[in-house]
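Student: Test case, fold it:
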Amino acid sequence: MIFSSDRHFDLTELRNCEYYNDYLLPQDKVHALGVFLRKEGNHSLVFAAQRGKRASAFGGEEIRLMNILAPHVTRAVQVHRNLSNATVEKEWALGALDQLRMGVILTDSLGAPQFVNRAAELMLAPCQGISVCQGRLALRTLPETALLHKLIAGAAHGLNGAAAGGDLRIALPNRHEFLHCLVTPVSPESSARWNISVASGCV
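Tutor: Prediction:
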């Protein structure tokens, strides 16, 4: 028999259907026990167990256990789906930043990188004027590094409307060129999409 939460189908009745003859019988899945967990549009979610001919049919105790398990499985599926949706949204958001030709580095208030896009990875290479030292962004000289950290801290703590952040030029070694660095706060809505949550704000 095949059972659901409120009805069952006798094996004699089941033998007349195409599903039984074309799938269950060739797969030796004669005995089945299942419950419908939820339905969303054209999609149905079923939690089920199956047995072959040599095994006995499912009994009342197994039906009782199935009905006990069903709500917990439903909840587990819901949690998994929510986590999957959040992961996909994060990947899409960060993937968009990764496609920019402009270097983008998301940091916390101390200048510790939380995300570095592909263009910025090239800028963080050795001898390129900007690097990561002891887990924080650093420039070639201590005064330049101190200024960068001051701008980052100001942007991180100024998310509530105060003027924050700023820009500076980063000299490239052995060249007459500069990197133009803009330090600006990231809105909580944007950082939430990127799954980056820091107490003092993201920059």
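Student: List the backbone torsions phi and psi for residue 52.
Tutor: With angles defined as degrees, to the nearest 10, residue 52 sits at phi -90, psi -180.
Student: what about the residue nearest to it when sequence neighbours are not counted, distance to residue 167?
Tutor: The spatial neighbour of residue 52 that comes closest, neighbours along the chain excluded (Cβ to Cβ, 6 or more residues apart in numbering), is residue 28 at 4.1 Å. (C-beta placed from N, C-alpha, C; glycine too.) Per Cβ to Cβ, to the nearest Å, residue 28 is found 70 Å from residue 167.
Student: More neighbours: the two, which one.
Tutor: Set residue 28 next to residue 167 and count neighbours by other Cβ atoms under 10 Å: residue 28 wins out with 13 against 10.
Student: Next, count neighbours for residue 169.
Tutor: Burial of residue 169 is recorded as 12 neighbouring residues (other Cβ under 10 Å).
Student: Over to residue 22?
Tutor: Per other Cβ under 10 Å, the neighbour tally for residue 22 reads 10.
Student: With residue 133 instead?
Tutor: Using other Cβ under 10 Å, the number of residues around residue 133 comes to 10.
Student: re earlier: assumed the residue nearest to residue 52 was part of a helix.
Tutor: No. Assessed with DSSP: H, G, I helix; E, B strand; the rest coil, residue 28 is coil; it does not lie in a helix.
Student: how about the strands in this structure?
Tutor: Along the chain, the segments classed as strands by DSSP state E run 2-3, 8-9, 31-40, 43-51, 105-107, 113-116, 130-133, 136-139, 166-171, 178-183.
Student: Between the two ends of stretch 94-107, how far is it?
Tutor: Using Cα to Cα, to the nearest Å, the end-to-end distance of stretch 94-107 comes to 14 Å.
Student: any idea of the mean pLDDT for that stretch?
Tutor: Stretch 94-107 shows a mean pLDDT of 81 in the predicted model.
Student: which of the residues in it are buried?
Tutor: 94, 97-98, 103, 105-107 (16 or more other Cβ atoms under 10 Å).
Student: now do stretch 34-44
Tutor: By neighbour count, and taking 16+ other Cβ under 10 Å as the criterion, the buried residues in stretch 34-44 are 34-35, 37.
Student: got the contact list for stretch 135-149?
Tutor: When contacts are taken as Cβ atoms under 8 Å, 6 or more residues apart in numbering, the neighbours of stretch 135-149 outside the stretch itself are 105, 107, 110-113, 129-132, 152, 168, 170-171, 173, 181, 183.
Student: Now the buried members of the residues you listed.
Tutor: 105, 107, 111, 129-131, 152, 168, 170, 181, 183.
Student: Just give me the least confident of these.
Tutor: Where pLDDT dips furthest among the buried ones among the contacts of stretch 135-149: residue 129, at 79.
Student: Can you report how many residues neighbour the closest residue to residue 55 other than its chain neighbours?
Tutor: Spatially, and ignoring its direct neighbours in sequence, residue 55 is nearest to residue 31 (6.2 Å; Cβ to Cβ, 6+ apart). The tally of other residues near residue 31 (other Cβ under 10 Å) stands at 19.
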